[in-house]
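Chemist: no sequence on hand, only this structure:
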């Protein structure tokens, strides 16, 4: 299941809902992305705004969730991604994967979050003490996604 | 932080408590181990009982949490492990790791759960339709833990 | 064609969305980008560094060699930085 | 010495914990296991497959070559299957 929303989410409630009544799940991996202030590396962050491409975002998230379910034997999966303005400490993204075996849950969770960081159509604008700017893509994130050998649709 | 307890836990509340007021965390990885019924591979599971070694369990969990914090740059970590009798669908173990960067959170979470599955002093007894038995250690789990090159204290 | 802009591409063009009718000679995403760049000083600025831009046609990631046709929804945006 | 048993080792011995006073010749975990095996039919059964057993002295994992002394807490148990 995927959701793209402006509102915050409750990780515990999301996990409970995903697992409700399921007795074959042995492990649930989850990742929560949080707005981070990084005062050691630049001016203090006041807020950030995530812009997205409505429609395309949902399609891409559905496609990558499907791919995770093809690669790993999962019982359930969930991606919740927020857009809009958020402050340091706010939750941005939630990935939950449930599987009979822990390895499938852990690996697919990592796969999905690596993908989301590089390939999902979101753009981050930061508001700092020094003003506003669009965040540049980081080569490090591309390396993390590339290790999964996901064929990019962009040439 | 580590806790060994008979009572159930709420993953969402545990994560919230761990992060409360923290604005440098960028990612939170978590893993929940759940009692799994595996009807395709044997008689249906009615319940299982986790026995542990009080005192030694806490010492070992504290030591491995410390090791995770030495290997990765973590902001916070939590291990909650239950003992006693549990039914299919019940939560057994929770690992939460929070870090500035997602890779540290994801890797340390996997490291801790691999360790817990093989090295923590817990023993599992299953009650199935066909009777009760102690679960045998699985070679697969040892392989998962060995990839972290944790030196075993047992010769 | 509907053309959508995101992030700093939108900031530079000055609009999030516009309806355009390029000449028949515009048959690919790359040719559309070149033609758009001639439409105003703002468009020229937005498409100056075409190499860093990404494109989608009908909400699918595509290369600049991908064909475009009347009725398509074409988007231009910088590399993603989400999550 | 306090000796603790866990899981099926405890089931076989028939007790979770016992206070023992082995002779002075017992100086290692392995020697203690051999001596315990002579104490009853149940002990003999529990220590029959010594190879699969693990041990701890004062709540630290140790090998069967590890020394034991008066006042130590020694535990015998099968490989862990927790988590």
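Modeler: Everything's here; your move. Given the structure is predicted, the values throughout are model-derived calculations rather than measurements. Residues are numbered from 1 along each chain as shown, chains lettered A, B, ... in the order given.
Chemist: how about chain A, which residue sits the furthest from its center?
Modeler: Most distant from the centre of chain A: residue A:130, at 27.7 Å, with distances by CA atoms, centre = their mean.
Chemist: show me the contacts for that residue.
Modeler: Residue A:130 makes contact with A:42-43, according to CB atoms under 8 Å, 6 or more residues apart in numbering or on different chains. To be clear about C-beta, it is placed using only N, CA and C from the backbone, and glycine gets the same treatment.
Chemist: and the residue of chain A nearest chain C?
Modeler: Per CB to the nearest CB, residue A:122 is where chain A lies closest to chain C, at 2.3 Å.
Chemist: assign the spatially closest residue to that residue that is not a sequence neighbour to helix, strand or coil.
Modeler: Spatial nearest neighbour of residue A:122, chain neighbours left out: residue C:82 (2.3 Å); criterion: CB to CB, 6 or more residues apart in numbering or on different chains. What DSSP: H, G, I helix; E, B strand; the rest coil gives for residue C:82 is coil.
Chemist: how much space separates residue C:82 from chain D?
Modeler: Using CB to the nearest CB, to the nearest Å, residue C:82 is found at 34 Å from chain D.
Chemist: list the contacts of that residue.
Modeler: A:50, A:52, A:81, A:116-117, A:120-124.
Chemist: can you name the residues of chain C that neighbour chain A?
Modeler: C:4, C:6-8, C:11, C:54, C:56, C:59-63, C:65, C:75, C:77-83 (CB under 8 Å from any CB of the partner chain).
Chemist: only whichever of those are buried, select them in ChimeraX.
Modeler: Remark: buried members of the residues of chain C next to chain A, expressed as a ChimeraX selection using 16 or more other CB atoms under 10 Å in any protein chain shown:
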select /C:4,6,7,8,54,56,59,61,62,75,77,78,79,80,81,82,83
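Chemist: narrow the residues of chain C next to chain A to those in helices?
Modeler: C:7-8, C:11 (DSSP state H).
Chemist: mind putting these in CSV, pLDDT included?
Modeler: Output for these, formatted as CSV (pLDDT from 0 to 100):
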residue, pLDDT
C:7, 96
C:8, 95
C:11, 96
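Chemist: quick one: residue C:10 and residue C:3 touch, right?
Modeler: No: look at residue C:10 against residue C:3 with CB atoms under 8 Å: they stay out of range, at 10.6 Å.
Chemist: do the strand or helix carrying residue A:69 and chain B meet at all?
Modeler: Residue A:69 is part of helix A:56-71, with elements assigned from DSSP states H and E. No: Helix A:56-71 is not in contact with chain B by CB under 8 Å from any CB; minimum separation 14.8 Å.
Chemist: that helix: what's the following helix or strand?
Modeler: With DSSP H and E, the next secondary element past helix A:56-71 is strand A:74-82.
Chemist: helices and strands around the worst-scoring helix or strand of chain C on mean pLDDT, which ones?
Modeler: Within chain C, confidence by mean pLDDT, DSSP states H and E is lowest for strand C:60-62 among all helices and strands, at a mean of 93. On a contact count with 3 or more CB pairs under 8 Å, 6 or more residues apart in numbering or on different chains; DSSP states H and E, strand C:60-62 meets strand C:54-57.
Chemist: got the contacts of residue C:82 as JSON lines, with neighbour count columns?
Modeler: Output for the contacts of residue C:82, formatted as JSON lines (neighbours: other CB atoms under 10 Å in any protein chain shown):
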{"residue": "A:50", "neighbour count": "23"}
{"residue": "A:52", "neighbour count": "22"}
{"residue": "A:81", "neighbour count": "24"}
{"residue": "A:116", "neighbour count": "26"}
{"residue": "A:117", "neighbour count": "24"}
{"residue": "A:120", "neighbour count": "24"}
{"residue": "A:121", "neighbour count": "25"}
{"residue": "A:122", "neighbour count": "24"}
{"residue": "A:123", "neighbour count": "24"}
{"residue": "A:124", "neighbour count": "21"}
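Chemist: now the strands: where do they sit in chain C?
Modeler: Secondary structure of chain C (DSSP state E): strands at C:2-5, C:17-19, C:54-57, C:60-62, C:73-77.
Chemist: neighbouring strands - and their directions - for the second one?
Modeler: Sheet neighbours of strand C:17-19, with direction, are listed as strand C:2-5 (antiparallel) (DSSP bridges).
Chemist: may I see the buried residues of the partner strand?
Modeler: Going by neighbour count (16+ other CB under 10 Å), the buried part of strand C:2-5 is C:3-5.
Chemist: got it, and stretch A:97-105?
Modeler: Within stretch A:97-105, the residues that qualify as buried are A:97-100, A:102-105, counting by 16+ other CB under 10 Å.
Chemist: how long is it from one end to the other?
Modeler: End-to-end distance of stretch A:97-105: 5 Å, with CA to CA, to the nearest Å as the criterion.
Chemist: same question for stretch C:31-51.
Modeler: Across stretch C:31-51, first to last residue, CA to CA, it's 14 Å.
Chemist: buried stuff in that stretch?
Modeler: Neighbour counts using 16+ other CB under 10 Å place C:31-33, C:35-36, C:43, C:46-47 of stretch C:31-51 among the buried residues.
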